[in-house]
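> Predicted model follows, preceded by the sequence.
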There are 2 protein chains.
Amino acid sequence: MFTPIKNTTVSEKVIEQIKEMLSKGTLNKGDKLPSERQMAERLQVSRTSVREALKELEIMGLIESRQGEGNFIKSNFEDILFEPFSTIFLIKESNAEEILELRKVIEKGAVTLAAQRITDEELEEIKKVLDAAENSDSEDELAKLDVLLHYKIAQASKNFLLQSILNAVSSLIEASIKDIRKNIMVKEQHKDVIKKQHNSIYEALKNHDTETAENAMSNHLDFVNNEMKKSIS
Amino acid sequence: MFTPIKNTTVSEKVIEQIKEMLSKGTLNKGDKLPSERQMAERLQVSRTSVREALKELEIMGLIESRQGEGNFIKSNFEDILFEPFSTIFLIKESNAEEILELRKVIEKGAVTLAAQRITDEELEEIKKVLDAAENSDSEDELAKLDVLLHYKIAQASKNFLLQSILNAVSSLIEASIKDIRKNIMVKEQHKDVIKKQHNSIYEALKNHDTETAENAMSNHLDFVNNEMKKSIS
């Protein structure tokens, strides 16, 4: 009959107001917030409550405080999923194999949408990355170009959620299975296989052929994941 | 030549220690933490620093404080992605169409893995959900059974990351496009279409047929997403 009464603190009410302003568009990304003192005056709460609220919003990844400049609504949210994904790993609810599986799922989805939506400019940028890889022998550079290629494909999907998940996944792979990408790249025969796979993906994107693009990405990641799993175990 | 020196606060060092204990397995999910006073003594820091660290870990979704019982490492992390996904929405980096796209990507991936890994017990549970839906005319119940069905399929994928993303996505759909699922279910002709689609997915899972399962899920979500988009616009 009785349900517990939630004790809403003053700082939670401050957070609610800021969230509402974001939702209504009164506040937008990149905007500077009023000073702590001004906010405390306008909201008629203590500066401590304002400070608590701002700290909490910062931890949630919604605002950033810049030394000497004040508090801002963040302008870049591409990395927002990294922290929670890291937590899942830390708590051992997931492992490296699951993250490789997730990456395949996300990248297959992203390339399918990209094949429908990619612009000529985006195709050109991807071509440039492939050409740079063609002409490079540096392992470090090849690894970076590989990340960039997959990033640009995800961007071409025009789906921010897929992009954010892929960013988090890539960062986790970099952090947890370090140097593995490099190890895979470095073998001569692998380099050629991967270049061919990348080219197949690019050709399918250029033809706006969703099915071929999905299959090409799937084959590519089966190969890469398989090599990565060998290095993990 | 100079790089900015990061000012690591005492509470950040406390957080680092707790994270390291989680990573090493000295602390595990569900574990009770020592009292604030004990922690302050052992770490030789102020209770304020401990309190700040605990508050931060709570906001990050790693620990929960239970009234009168103390602080615990959380035992359930299924909902950990809801808050960051909500933030992406709040900040308008994404919209309802993107979330429906993401759901399709995730569920196609999940059903493919589920077709490989589903156990007889899990198949039986899914059959029970389908039978209950067959015998129900209540819109509310049908909507709940639908959510349950998709949840159980994701569970059968045995990939916690896919499950967590799907949970966040479902909660967002419930929150942002409320009552839409019910509206779709309520039309007589839709009910039958959806039941047939659900049965096709179930049959493919029973046959461990990954390709048919993926296609059946794809068709189902194309239909549902299409109906949802009509209701959004």
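Happy to help now that I have it.
> For the closest residue to residue A:117 other than its chain neighbours, give its distance to residue B:169.
Leaving aside its sequence neighbours, residue A:117 sits nearest to residue A:158 (CB to CB, 6 or more residues apart in numbering or on different chains; 5.1 Å). For glycine as for every other residue, the C-beta is placed from the backbone atoms N, C-alpha and C. From residue A:158 across to residue B:169, the span is 18 Å (CB to CB, to the nearest Å).
> which one of those two has more residues nearby?
The residue with more neighbours, out of residue A:158 and residue B:169, is residue B:169; 23 against 18, by other CB atoms under 10 Å in any protein chain shown.
> three-state assignment of that one?
Following DSSP: H, G, I helix; E, B strand; the rest coil, the label given to residue B:169 is helix.
> Tell me if I'm right that it and residue B:102 touch.
Yes: counting by CB atoms under 8 Å, residue B:169 touches residue B:102, with 5.9 Å between them.
> Show me what secondary structure element comes after the worst-scoring helix or strand of chain A on mean pLDDT.
Here the helix or strand of chain A ranked lowest by mean pLDDT, DSSP states H and E is helix A:180-186, holding a mean of 62. Downstream of helix A:180-186, the first helix or strand assigned by DSSP states H and E is helix A:188-206.
> Show me what that next one is packed against.
Applying 3 or more CB pairs under 8 Å, 6 or more residues apart in numbering or on different chains; DSSP states H and E, we find helix A:188-206 packed against helix A:96-117, helix A:120-134, helix A:139-156, helix A:180-186, helix A:210-232.
> quick one: it to helix A:139-156, angle?
Calculated by axes from the mean of the first three to the mean of the last three CA atoms, to 10 degrees, helix A:188-206 forms an angle of 20 degrees with helix A:139-156.
> Put the alpha carbons of helix A:188-206 into CSV.
Extracted in CSV, the C-alpha atoms of helix A:188-206 (Å, rounded to 0.1, in the frame of the first residue of the first chain):
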residue,chain,number,x,y,z
GLU,A,188,52.8,-9.7,-45.2
GLN,A,189,50.1,-12.1,-46.4
HIS,A,190,47.5,-10.5,-44.0
LYS,A,191,48.3,-7.0,-45.4
ASP,A,192,47.2,-8.1,-48.9
VAL,A,193,44.1,-10.0,-47.7
ILE,A,194,43.0,-7.0,-45.7
LYS,A,195,43.6,-4.5,-48.5
LYS,A,196,41.5,-6.7,-50.9
GLN,A,197,38.7,-6.9,-48.3
HIS,A,198,38.8,-3.1,-47.8
ASN,A,199,38.6,-2.6,-51.5
SER,A,200,35.6,-4.9,-51.8
ILE,A,201,33.8,-2.9,-49.1
TYR,A,202,34.6,0.3,-51.0
GLU,A,203,33.4,-1.0,-54.3
ALA,A,204,30.1,-2.1,-52.8
LEU,A,205,29.7,1.3,-51.2
LYS,A,206,30.4,3.0,-54.5
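> neighbouring contacts of that helix?
Surrounding helix A:188-206, the residues in contact under the criterion CB atoms under 8 Å, 6 or more residues apart in numbering or on different chains are A:111, A:114-115, A:118, A:123, A:126-127, A:130, A:133-134, A:142, A:146, A:149, A:153, A:156, A:184-185, A:212-213, A:216-217, A:219-220, A:223-224, A:227.
> filter the residues you listed to the buried ones?
Neighbour counting with 16 or more other CB atoms under 10 Å in any protein chain shown marks A:111, A:114-115, A:118, A:123, A:126, A:130, A:133, A:142, A:146, A:149, A:153, A:156, A:184-185, A:212-213, A:216-217, A:220, A:224, A:227 as buried within those.
> Quick check: phi and psi at residue A:158.
When read as degrees, to the nearest 10, the backbone of residue A:158 gives phi 60, psi 20.
> hang on, it packs against residue A:113?
Yes: at 6.9 Å, residue A:158 counts as touching residue A:113 under the criterion of CB under 8 Å.
> From residue A:123, how far out is residue A:202?
With distances taken as CB to CB, residue A:202 is found 8 Å from residue A:123.
> One more: residue A:106?
In terms of CB to CB, residue A:106 sits 21 Å off from residue A:123.
> Intersect the buried ones among the contacts of helix A:188-206 with the contacts of chain B.
Restricting the buried ones among the contacts of helix A:188-206 to those touching chain B (CB under 8 Å from any CB of the partner chain) yields no residues.
> so where does the spatially closest residue to residue A:66 that is not a sequence neighbour fall, helix or strand?
In space, and not counting its chain neighbours, residue A:66 is closest to residue A:72: 6.4 Å by CB to CB, 6+ apart. Under the criterion of DSSP H and E, residue A:72 resides in strand A:70-73.
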